[in-house]
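S.K.: Need the 3D shape of this:
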Amino acid sequence: MTRQTAVIIGAGISGLTTAVYLQRSGIQTLILEKATGPGGVSTSWKRKGYTFEGGIHWLIGAKKEVPLHQIWLETGALQENNPVYFKDPIYTLVDEKGTMPLYRDLHGLEITGLRDRLALWRLRFHLACFKHFHQPIGDLRGLKVRDPKPFSAWEYVKMLPAVVVTPFLMAQSARGYAKWFKSPRVRALLAAVVEPDINALSLIYTLGTFQVGDSGYPKGGSLRMAQNMADTFLRCGGEIRYHTPALELSVEGKRWSVHTKDEVFSADAVVVSADARSAIDTLFKEPLQDGWAKKMRSGLRTTQCMFLGVGVQADLSTYPRSMQIVLPHSLEAAGRTYKTVVVNNYAAEEGYAPEGCSVITCLLHGPTYGYWKAAKEDGSYVTKKEAVTVAFIEAVGEVIPALRDAVAVTDMATPLTYERYCGTFEGSYMTDWPPFGRLYHAPIRYRYGLYFTGQRTAYSGGLPPAAQSGRVTAQTICKDLGVEFI
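M.R.: As a prediction, the model looks like this:
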């Protein structure tokens, strides 16, 4: 009997997850990746001996008791070479008054007056509602599974409190939720957890994962985790071809083919793990005009950022690991004004910098794709990137003097950088999910033999939806091909 085959476009987290499960299940799988290594948007890179973490800031499913943890184990994402560190405090506010930590159990917040006490009680109540909430990991009905993962009715019952309060949380922004607190310092600290303009459900869910002891940082970050998954796939007998971008998809009968510059790959199943929003316009001979594609094209809102990394010839281990810094003077960057910035300090991470040195990174969120695209077109792109880097160092250097006095290396990525290297639509790493906002998803099975996977197929984005969608996609393919899922 001829062995069934699959081709996956993209070696991001969802593509790797799909690939590992397919290969384990006996389907010979090939990954085509345009970049030089695995991980997609969840990546990190080195510059002159300094490592810049561009993906993971915390990993949901790091706690062994969380169902998602099993996916990270089965795909090889978490191994002995990347034990998880559970930081506490989560963030620390740094302003003219000093510091204020945000601990996992919320103690230590600046609470003054009845209004703040009521706001804190409300926050604790909502977190309690999410104590037993988790993203279900089950199996498709009718699929033959070697190791079934049944999801009991009792699990749904325990999650009912979260379901009850979800509409209330989705009806307001994280910024609006934080305004229940009178203290501007508490408001600023909560703004560090998720983007303030997305719905408050994201804020409560994220804080809830911290409070139950989940969401840790795996040693080695994105680079090691993605490489672990790639190595697991290769050990199972799979193949990855880097520097091999997919240019077009075609179909003959029910069999789909992937066209690259030099070859055509046909398979029983083809999986688009590349950004679905970009794929519907670029991977097909004619842009897709299905109803879901039209809705995604017109309604999807993207979460964009500018990434800044600085290697410093100084030991910054006395500073908190993750800081929400209230800047003494605002930072002007790409036509936007930033009064606060979240800075991640990797001084305590082994191997991220030469001995006695440190690395800090920062994501400046905001819709700047249009700004940078115009700069690219008029030739000012490089100059404007340098200006943002200088402005960032000057602004944050007022709080961390070593940032101005001992800079060894800098690096900056714009939405155009993410678009170029990762192929993401408008250089985004997530789908924006504002209050009352709708999410427009691609289907897991588009047509027989062609599938989508990744963050554009479920939720708003991030590593958990990427991994979950990869597993569901693999199960869908196994079911369609009559293969036992392993």
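
S.K.: Hmm, T260 is touching H243, no?
M.R.: No - counting by C-beta atoms under 8 Å, H243 is not a contact partner of T260; they are 9.9 Å apart. Where C-beta positions appear, they are placed from N, C-alpha and C, glycine not excepted.

S.K.: would you say Y446 is within a helix?
M.R.: No - using DSSP: H, G, I helix; E, B strand; the rest coil, the assignment for Y446 is strand, not a helix.

S.K.: Nearest residue to it in space, ignoring adjacent ones along the chain?
M.R.: Sequence neighbours aside, F452 is the residue nearest to Y446 in space, at 5.9 Å (criterion: C-beta to C-beta, 6 or more residues apart in numbering).

S.K.: Name all residues that make contact with that neighbour.
M.R.: Neighbour list for F452: 271-272, 276, 279, 442-444, 446, 473 [criterion: C-beta atoms under 8 Å, 6 or more residues apart in numbering].

S.K.: could you pull out the helices for the stretch 1-150 of the chain?
M.R.: Using DSSP state H, counting those that start in this stretch, the helices found in the stretch 1-150 of the chain span residues 13-24, 68-74, 113-129.

S.K.: Ok, which of those helices comes nearest T383?
M.R.: helix 13-24 (34.4 Å; C-beta to C-beta).

S.K.: so what secondary structure elements neighbour that closest one?
M.R.: Other helices and strands packing on helix 13-24, by 3 or more C-beta pairs under 8 Å, 6 or more residues apart in numbering; DSSP states H and E, are strand 5-9, strand 28-32, helix 68-74, helix 221-235, strand 269-272, helix 463-481.

S.K.: residues of that helix that come out buried?
M.R.: Residues of helix 13-24 classed as buried by neighbour count (16 or more other C-beta atoms under 10 Å): 13-24.

S.K.: Format the helices of the stretch 1-150 of the chain as a markdown table; extra columns: distance to G55.
M.R.: Formatted as a markdown table, the helices of the stretch 1-150 of the chain follow (distance: least, C-beta to C-beta, whole Å):
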| stretch | distance to G55 |
| --- | --- |
| helix 13-24 | 9 |
| helix 68-74 | 14 |
| helix 113-129 | 26 |
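
S.K.: can I get the ones you listed in a markdown table with mean pLDDT?
M.R.: Shown next, in a markdown table, are those (pLDDT from 0 to 100):
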| stretch | mean pLDDT |
| --- | --- |
| helix 13-24 | 98 |
| helix 68-74 | 96 |
| helix 113-129 | 97 |
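
S.K.: quick one: T17 from F181, how far?
M.R.: Applying C-beta to C-beta, to the nearest Å, the value for T17 to F181 is 38 Å.

S.K.: Same question for V342.
M.R.: Separation of V342 from F181 (C-beta to C-beta): 18 Å.

S.K.: higher neighbour count, these two?
M.R.: Set side by side, V342 and F181 show more neighbours around F181, with 26 against 18, by other C-beta atoms under 10 Å.

S.K.: which of T260 and H243 has more neighbours?
M.R.: T260 (17 against 11).
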